[in-house]
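> Just need the structure, nothing else, for what follows:
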Amino acid sequence: MAQPGASVRPRFSPSPGDTYGQIYRIPTPLISNTEIEQWVPVISCPADFPLELFETAVDQLIHHPEYNSTLILRSETISETSYTEDNSSGVLQLEGYRPVHNIHRRLLPRRPGRDTALEQNCTLYASATDEFAAIPSTLVLTPLLARGESLPYYHPNVRHLAFRYIPSTPATLRIEAIVLPQTPIDLNSRLYRTSLALLDTLHRYGWGALTNYQKRVKHDCIIPREEYQDLYLVMRERYKHLVGEWKEVTDPLKHIFEDIGIATYLILLWKKSFEGSNGSFDNTASDSDPPWKRLASSTRCIPRSWVSAETASSHIFLVSEGYEGHGIDLRARTSWSHYPESTRAALHVNALRSDPIHQDDIPYLRPGVFLIGNHADELTPGSLSLRTLENASGYLSIPCCSWSFDERFSRSSTAKFSDSNLGSIVDDTFVDGLNLGGEGANRTLSQWLGWKVECDTLRIPSTRNWAIIGMSRALDIIHDVVQRGAFKTRQPEGKAGDH
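Below you'll find the model as predicted:
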């Protein structure tokens, strides 16, 4: 077994069936007390982490099945049950093991129109007799089907699927299954390939737990994953026809769905930010309307207007959903002439500057506007200052290449825009707090300009998916002073005090 101090993950060395078990005389497959079918070993490999970390490793498998299948959107926990030795009815019974904990979950498909959701029991078992009796060592996944239902395509063709940690010498990970009739398990079968991917994932998760692996990039820091995914599915179905109508030379699959993702995020961001401070949902909307449609019709819950700089294609979804705004680009795109008249009227060819001198001829740049910078290239830092000069209600910036005010592709740990008296406010702690896994120049500029800054990693098909968000000015320290009431304005001294 690898040592905790090692930094490189040991090589994943799988063996088909029970080959590994036969070589090292590992115990026979599981035996069910209540099932007639036999458990079949599918694949095994050395376990390069201790048994105590097995539960941590499989916890990832339980709560994030989407990491192993692009056909699964996510899982939702329906209920959890802990078992004692005297109370373990209602779950599969295994000889020599006792159930410890069960998670009843629902698997949601990424394409609801093609695949159905599936409920599943995820049951952890511990040995009933030996020295490892208190430590979970087996996870069994059991699909729950009503009479006449069939398994969706994304689920293996099995009645039960087990992940086992066998504390032998050497320790072993093994996947076993009770397969449905006429299901092949040879090396070219779908079940074997799926089990191979799952075992590799379990091996990786166990090694990550051993080495205290920490993700640098964090998703869903501002908008909950469930809210985003649910609305995105609706938006995708509503606008997917635009893929066949794409007039640009770029890839429509990337750009259409990327812009749908950005529009989805903005709708939920505005709901979260403006509803909380300016009112509630529109009471005149029908109760049957989904929340985002009720939000779109309520001017109290959205910014006064919005302006999207440089890349304006995502604005067509916002306009279609009832959010009034304007899209700006340096040239008219081929697709523009094919949009509806109401959409074309909101598209403009203009050049923006980072100073207010030349902005008077752009009437929609007015106080209270929400500014969007989507891969704005050289305008990335300039648009941040523009948002401050125009007194915007907020902004969302998705940086592309690293630009300074007057320098292309500038990456430096020193913020060139910082006041020499203040010094640079970029340090390792600050950058780590971005949750973006990258440098913090643009967020530092936002903070330096007086914005309260948040960051998120968008779920869009782009490697440039960092979002830097400012929804309010950084006046917290002033508000705190006023609330405490400890500060008292001093009276003028001497003769000046008589006036």
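> contacts and neighbour counts: CA atoms only from here.
Noted.
> and the nearest residue to Arg459 once chain neighbours are set aside, helix, strand or coil?
In this structure, Arg459 finds its nearest non-sequential neighbour in Gly261, 6.9 Å apart by Cα to Cα, 6 or more residues apart in numbering. With DSSP: H, G, I helix; E, B strand; the rest coil as the basis, Gly261 sits in helix.
> Name all residues that make contact with Gly261.
Going by Cα atoms under 8 Å, 6 or more residues apart in numbering, Gly261 touches 232, 458-460.
> Show me where the protein has its helices.
Secondary structure of the chain by DSSP state H: the helices cover 19-24, 54-63, 190-210, 225-239, 252-278, 291-296, 315-320, 341-344, 379-389, 428-432, 441-448, 476-484.
> Those helices: lowest mean pLDDT?
Of all the helices of the chain, mean pLDDT reaches its minimum on helix 291-296 (a mean of 44).
> would you list every one of the strands in the stretch 1-150 of the chain?
For the stretch 1-150 of the chain, applying DSSP state E, counting those that start in this stretch gives strands covering 15-16, 40-46, 72-82, 97-109, 118-127, 136-144.
> What lies in contact with the third one?
Translated: strand 72-82. 62-66, 100-110, 154, 229.
> thought Leu242 was touching Ile256?
Yes: here Leu242 reaches Ile256: they are 7.3 Å apart, a contact under Cα atoms under 8 Å.
> Settle it for me: which of those two has more neighbours?
Ile256 (21 against 14; other Cα atoms under 10 Å).
> Quick check: closest non-adjacent residue to that one.
Leaving aside its sequence neighbours, Ile256 sits nearest to Val243 (Cα to Cα, 6+ apart; 6.6 Å).
> And for the one you found, the neighbour number?
Applying other Cα under 10 Å, we find 15 residues neighbouring Val243.
> go on, Pro170?
Pro170: 12 neighbours (other Cα under 10 Å).
> okay, and the helix or strand of the chain with the least pLDDT?
helix 291-296 (a mean of 44; mean pLDDT, DSSP states H and E).
> Report the mean per-residue pLDDT for stretch 115-123.
In this model, stretch 115-123 carries a mean pLDDT of 95.
> contacts for that stretch?
With contact meaning Cα under 8 Å, 6+ apart, stretch 115-123 is reached by 62, 91, 99-109, 139-145, 151-153.
> Just the buried subset of the residues you listed, please.
Buried members of those, scored by 16 or more other Cα atoms under 10 Å, are 62, 99-109, 139-144, 151.
> what sits against the residue nearest to Ala197 when sequence neighbours are not counted?
Nearest residue to Ala197, sequence neighbours excluded (Cα to Cα, 6+ apart): Asn68, at 7.3 Å. The contact partners of Asn68, taken as Cα under 8 Å, 6+ apart, are 197-198, 201.
> Glu176 is in contact with Arg159, correct?
No: the pair Arg159 / Glu176 is not scored as a contact, 11.1 Å apart, by Cα under 8 Å.
> Compare these two (neighbour count), which wins?
Using other Cα under 10 Å, the more surrounded residue of Arg159 and Glu176 is Glu176, with 23 against 17.
> Next one: that one relative to Val307, how far apart?
Glu176 is 56 Å from Val307, where distance means Cα to Cα, to the nearest Å.
> Neighbours of Thr343, how many?
A count of nearby residues for Thr343, using other Cα under 10 Å, gives 21.
> my guess is it contacts Ile316, does it?
Yes: Thr343 is in contact with Ile316 according to Cα under 8 Å; the separation is 6.3 Å.
> which residues touch Leu266?
For Leu266, the contact set (Cα under 8 Å, 6+ apart) is empty.
> what do you get for Arg204?
By Cα under 8 Å, 6+ apart, the residues touching Arg204 are Arg9.
> Tell me the spacing between it and Phe49.
10 Å.
> Equivalent analysis for Pro367, please.
58 Å.
> ditto for Arg114
Here Arg114 is placed at a distance of 39 Å from Phe49 (Cα to Cα).
> The two: who's more crowded?
Per other Cα under 10 Å, whichever of Arg114 and Phe49 has more neighbours is Phe49, with 26 against 10.
> Hmm, Tyr205 and the more buried one touching each other?
No: checked against Cα under 8 Å, the pair Phe49 and Tyr205 is beyond contact range at 9.6 Å.
> overlap in contacts of the two?
By Cα under 8 Å, 6+ apart, no residue touches both Phe49 and Tyr205.
> what's Ser320 in contact with, if anything?
Contacts of Ser320 by Cα under 8 Å, 6+ apart are Thr343.
> Sort out which residues of stretch 221-240 are buried, please.
223, 228-229, 231-233, 235-236.
> Looking at these, which one is closest to Gly322?
Met235 (13.3 Å; Cα to Cα).
> Grab the nearest non-local neighbour of the closest one.
Ile260 (6.8 Å).
> Please apply the same query to Val140.
Ala162 (4.2 Å).
> State the distance from the one you found to Ala47.
Relative to Ala47, Ala162 is positioned 15 Å away (Cα to Cα).
> again, but for Ser273
Using Cα to Cα, one gets 47 Å for the distance from Ser273 to Ala47.
> And the two? Which one has more around it.
Set Ser273 next to Ala47 and count neighbours by other Cα under 10 Å: Ala47 wins out with 26 against 16.
> Might one say that that one is in contact with His203?
Yes: using Cα under 8 Å, Ala47 is in contact with His203, at 6.9 Å.
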